[in-house]
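In: dropping the sequence and predicted coords here.
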Amino acid sequence: MKFGQWLGLAAIIAAVALLWNLRGLLLQLFAAVVLALAICTLVGAVRERLGCPRPLALVISLVGLALVVVVGSAVLIPPFVEQFAELLAKLPDAADVLIGLARRVLSNVSRILYGRHDGSLEWLQQLWPSEGPSPEVVAGGLGGGALRLLGLASNLGSGTLQFVFVIAVSLMLAVQPTAYRGVLVLLAPSFYRRRFGRVLDLCGAALSAWMVGVVISSLFVALLAGVGLSLLGVKLVVANALLAGLLNVIPNVGPTLSTVFPMSVALLDAPWKALAVLGLYVVVQNLESYVITPSVMHAKVHLLPGLTLTAQFLFTIVFGPLGLLLALPMAVCVQVIVREVIIHDILDPWKRQRLSP
């Protein structure tokens, strides 16, 4: 290799290393783009309904979003916080009940198989020692707890700054989306800029369709979960219904986590209620997957479950918890880029050249 080639290789390696070190910032920028695209989708809907210019539609959309956030926070957050705190307090009691049920079931199985209780369940009793912790253990736990609280405060401060940064950038992008799109298009080679702009438009359309579908399906999931839990007589309906709707944004993992809390509350009343809650959530998720989401999608966004799970695993490893939250929109964009750039622009012309005489 010549000196220029070695220099180009070194520049590529340095660029990859720089992007890897800035992956957290890039993910925050992507979150800002997704949020700005959501605002632009709302602005487009307002313009279509009212026939007003874009600046006025933007003001109406932002004021409407602010009112929804303020009213929703005043109405829903206080009962949610109260019920969620009570929900967390009930989890240890639910774990005790579950351990007790497991002990009784295994003891009965042991009695049926061996005709007597042979003491093989002593390992279960060791899970919950009867003796209290020593003063040294308590002191160490308090010290570790204080350090964890300091770390939590630092993380909350950093998270608040990142949240403000994402909101500010998303508002800037929503005010002038065409100008920022033009700057991004200029980063592509001159011969590919028109096509690159088309690919960006397709990514935006796919993300808009995904966001509309997720918002509507999450509202339906929260409503159906709340109605079902009320009919079953499960306590803390508001907290559990809101958790079901919020966690529905995270596919595969979110719906599974949302079943833990209502099942724990129902288990304290009766075991059959926990099974009924599990059946309810299975029905709700099947309705969401096969009825609600297909009917509200304005454009077809087909992601195979295996690819979705792989994207969640990969982006969580690379980007952390925020990567899990943004795994699906990133997978939607990657799917469009692979289909339009790699397959349509690179592989298809190469195949036609090989087949031509």
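Out: Yep, that arrived.
In: could you list the single helix or strand in the protein with the lowest mean pLDDT?
Out: Every helix and strand of the chain was ranked by mean pLDDT, DSSP states H and E. The lowest is helix 122-125, at a mean of 48.
In: so which helix or strand takes in Gly197?
Out: Using DSSP states H and E, Gly197 falls within helix 193-232.
In: tell me the mean pLDDT for that helix?
Out: Summarised as a single mean, pLDDT over helix 193-232 is 88.
In: what's the burial count for the nearest residue to Leu246 once chain neighbours are set aside?
Out: Closest residue to Leu246 in three dimensions, ignoring its sequence neighbours and counting by C-beta to C-beta, 6 or more residues apart in numbering: Ser218, at 7.2 Å. Backbone N, C-alpha and C define where each C-beta goes, glycine included. Residues lying near Ser218 (other C-beta atoms under 10 Å) number 20.
In: which elements pack onto whatever helix or strand comes next after the helix holding Gly197?
Out: The helix or strand immediately downstream of helix 193-232 is helix 237-247, counting by DSSP H and E. When contacts are defined as 3 or more C-beta pairs under 8 Å, 6 or more residues apart in numbering; DSSP states H and E, helix 237-247 packs onto helix 54-114, helix 193-232, helix 253-269.
In: tell me the most buried of the ones you listed?
Out: The highest mean neighbour count among these, using mean count of other C-beta atoms under 10 Å, belongs to helix 253-269: a mean of 20.
In: just checking, what packs against it?
Out: Judged by 3+ C-beta pairs under 8 Å, 6+ apart, helix 253-269 is in contact with helix 54-114, helix 193-232, helix 237-247, helix 271-287.
In: tell me the contacts of the residue nearest to Leu246?
Out: Ser218 is in contact with Gly245, Leu246, Asn248, Val249, counting by C-beta atoms under 8 Å, 6 or more residues apart in numbering.
In: you'd agree Val336 is up against Asp201?
Out: No. Val336 is beyond contact range of Asp201, at 9.9 Å (criterion: C-beta atoms under 8 Å).
In: could you list the low-pLDDT ranges of the stretch 151-300 of the chain?
Out: 151-157, 293-300 (pLDDT under 70).
In: can you do 80?
Out: Judged by pLDDT under 80, the stretch 151-300 of the chain has its weakly predicted residues at 151-160, 236, 250-254, 264, 267-271, 288-300.
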